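Novice: model this:
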Amino acid sequence: MRSEDDLAKADRTKAAPSAPADGEHRAALVAPGGNEESGKNTISSRLVSRMREAILQGELPPGSKINLDRARKTFDVSLSPMREALARLTSVGLVELHDNRGYTVAPVSLSNLREITQLRAEFECLALDMAMQNGDLAWESGITRALHRLNRIHREASDTASLEAWEDAHREFHLTLIQGCDMPILLNFCTTLHNLNDRYRRIFLTRTGGDANVEQEHNQIAQGAVARDRDYARDRLREHILRTGRNLQNALSEDRAGALLALGQPARKRRRAAGAGSDV
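Specialist: This next block holds a predicted model:
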């Protein structure tokens with residue numbers, strides 16, 4: 001017959017949880033519903049966002065070489081997510097990979113800006129037209145909210161915070177306009193073009209603080225879209241994109257833009273590009 005001490009010991013053993021296996025212990029460290037792979041993807045996605053902003057804001061200048069070791073230390077990540085982030089930025093045209101030079105920030109040029117402007121005018125207008133046909137009440141409400149937020153922000157060329165806040169709201173407005181098109185490939189393409197165009201507009205805005213006509217143009221585009229006036233909304237959006245593109249081309253055509261277009265190039269090419277004041 002077992003003693004009371006033996007029975008108590010058996011009860012304690014039965015109630016105590018067993019030690020987790022290695023795999024169970026690792027799983028416990030991952031947030032509910034997640035896994036190690038999703039954690040890596042989150043790091044890469046955040047890094048892509050940070051590097052994209054650094055490129056758009058000019059912290060990583062056009063044409064400059066990206067040293068992998070210095071970049072991973074700057075952004076405090078390991079080499080693996082850094083390579084993945086650069087590959088993703090290469091796929092959307094913000095970074096280039098060269099066989100002999102490695103990664104560089106994509107250069108800027110007048111010919112590149114012209115192409116981006118033309119493609120935006122065609123594809124964003126197509127996406128807006130489809131959104132006016134397919135968009136629901138939530139899409140209409142999203143446009144109204146995005147426009148209100150954008151119009152509430154006053155930007156100043158000397159105030160970096162106001163410029164960044166306006167850029168965020170401006171990006172949200174333009175992407176909300178076309179969100180209802182129900183065409184994922186087209187949306188992805190338009191988003192890429194908008195990112196590429198952002199670099200040029202931010203360069204322009206740091207010197208001018210923006211265009212006085214832009215608020216009225218945004219209001220007209222939004223009103224036409226919500227009213228489902230397809231011809232009017234498409235025409236206003238096309239005019240808006242093309243006019244902004246011309247302003248940017250004029251800004252980059254000036255002699256003072258030569259040094260910007262030549263950033264990251266060898267000294268001999270830099271002198272030649274600055275003197276030409278054109279594509280690099």
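
Novice: can you pull out the strands in this protein?
Specialist: 65-66, 95-98, 102-105 (DSSP state E).

Novice: what's the most buried one of those?
Specialist: The highest mean neighbour count among those, using mean count of other Cβ atoms under 10 Å, belongs to strand 102-105: a mean of 19. In short, each C-beta sits where N, CA and C put it, glycine included.

Novice: now that strand: how far from the chain's centre is it?
Specialist: 18 Å (Cα atoms, centre = their mean, to the nearest Å).

Novice: who does that strand pair up with?
Specialist: Strand 102-105 pairs in its sheet with strand 65-66 (antiparallel), strand 95-98 (antiparallel), by DSSP bridges.

Novice: can you tell me which of those strands comes nearest to residue 220?
Specialist: Closest approach to residue 220 among the strands paired with strand 102-105 (Cβ to Cβ): strand 95-98, 35.6 Å.

Novice: List the buried residues in stretch 74-94.
Specialist: 77, 81, 82, 84, 85, 86, 88, 89, 92, 94 (16 or more other Cβ atoms under 10 Å).

Novice: got a markdown table for the residues you listed, with distance to residue 149 and pLDDT too?
Specialist: As requested, the buried residues of stretch 74-94 are exported to a markdown table (distance: Cβ to Cβ, whole Å; pLDDT from 0 to 100):
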| residue | distance to residue 149 | pLDDT |
| --- | --- | --- |
| 77 | 32 | 91 |
| 81 | 32 | 90 |
| 82 | 33 | 92 |
| 84 | 32 | 92 |
| 85 | 29 | 92 |
| 86 | 32 | 94 |
| 88 | 28 | 93 |
| 89 | 27 | 94 |
| 92 | 25 | 90 |
| 94 | 25 | 93 |
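
Novice: right, and out of these, which lies closest to residue 138?
Specialist: The closest of the buried residues of stretch 74-94, once distances to residue 138 are taken by Cβ to Cβ, is residue 92, at 27.3 Å.

Novice: For residue 119, see how far away the closest residue to that closest one other than its chain neighbours is.
Specialist: Excluding the flanking residues, the one nearest residue 92 by Cβ to Cβ, 6 or more residues apart in numbering is residue 192, at 4.7 Å. From residue 192 over to residue 119 the distance is 10 Å, taken as Cβ to Cβ, to the nearest Å.

Novice: And residue 154, by the same measure?
Specialist: 31 Å.
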